[in-house]
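>>> fold the following, please.
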Amino acid sequence: MSTEAAIREKLMIGLEPIRLDVINESELHAGHRSSPGTGESHFRVHVVSSKFAGKSRVQCHRMINELLAEEMAGKVHALAIEASAPED
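Next up, the predicted model:
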């Protein structure tokens, strides 16, 4: 399974979002010193989930980071997060 697919699956299961965009931005970082050159190292996620209701931005980011701990400890070098509740 690709890293992008794993990210998508874990966020779908863990957050039951009404909107989820997982964007692979690795090509934008090709050649950078810290880029591993795998093509699956830099991602941007936009998540809208009712599970974020009443939570601070930091709490939302922590929820996502916990779900993606395995990816963040290995293949993923950078993750940009946009997280909100439906009413935000």
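>>> which neighbouring elements make contact with the longest helix along the chain?
Longest helix in the chain, counting residues (DSSP state H): helix 3-15. The contact analysis (3 or more Cβ pairs under 8 Å, 6 or more residues apart in numbering; DSSP states H and E) places helix 3-15 against strand 19-24, strand 42-48, helix 57-67, helix 69-73. (Each C-beta comes from the backbone N, C-alpha and C, glycine too.)
>>> out of these, the one nearest residue 85 is which?
Across those, residue 85 has its closest neighbour in strand 42-48 (7.2 Å, Cβ to Cβ).
>>> quick one: mean pLDDT over the closest one.
In this model, strand 42-48 has an average pLDDT of 96.
>>> just stretch 58-74 next, same as before
The model assigns stretch 58-74 a mean pLDDT of 96.
>>> quick thing: my sequence starts at 35, can you match it?
Shifting the count to begin at 35 puts that one at stretch 92-108.
>>> now that stretch: buried residues?
For stretch 92-108, burial by neighbour count (16 or more other Cβ atoms under 10 Å) applies to 94, 95, 97, 98, 101, 102, 105, 106.
>>> in this structure the fifth one contacts residue 46, no?
The one in question is residue 101. No - assessed by Cβ atoms under 8 Å, residue 101 is found out of contact with residue 46, at 10.0 Å.
>>> confidence score at residue 63?
53.
>>> nearest the geometric middle of the chain, what residue?
Centroid-nearest residue in the chain: residue 79, 4.4 Å away (criterion: Cα atoms, centre = their mean).
>>> give the bridge partners for it, please.
residue 56, residue 115 (DSSP bridges).
>>> list the contacts for it?
Contacts for residue 79 (Cβ atoms under 8 Å, 6 or more residues apart in numbering) come out as 41, 45, 54, 55, 56, 57, 98, 113, 114, 115, 116, 117.
>>> sweet, I'm off.
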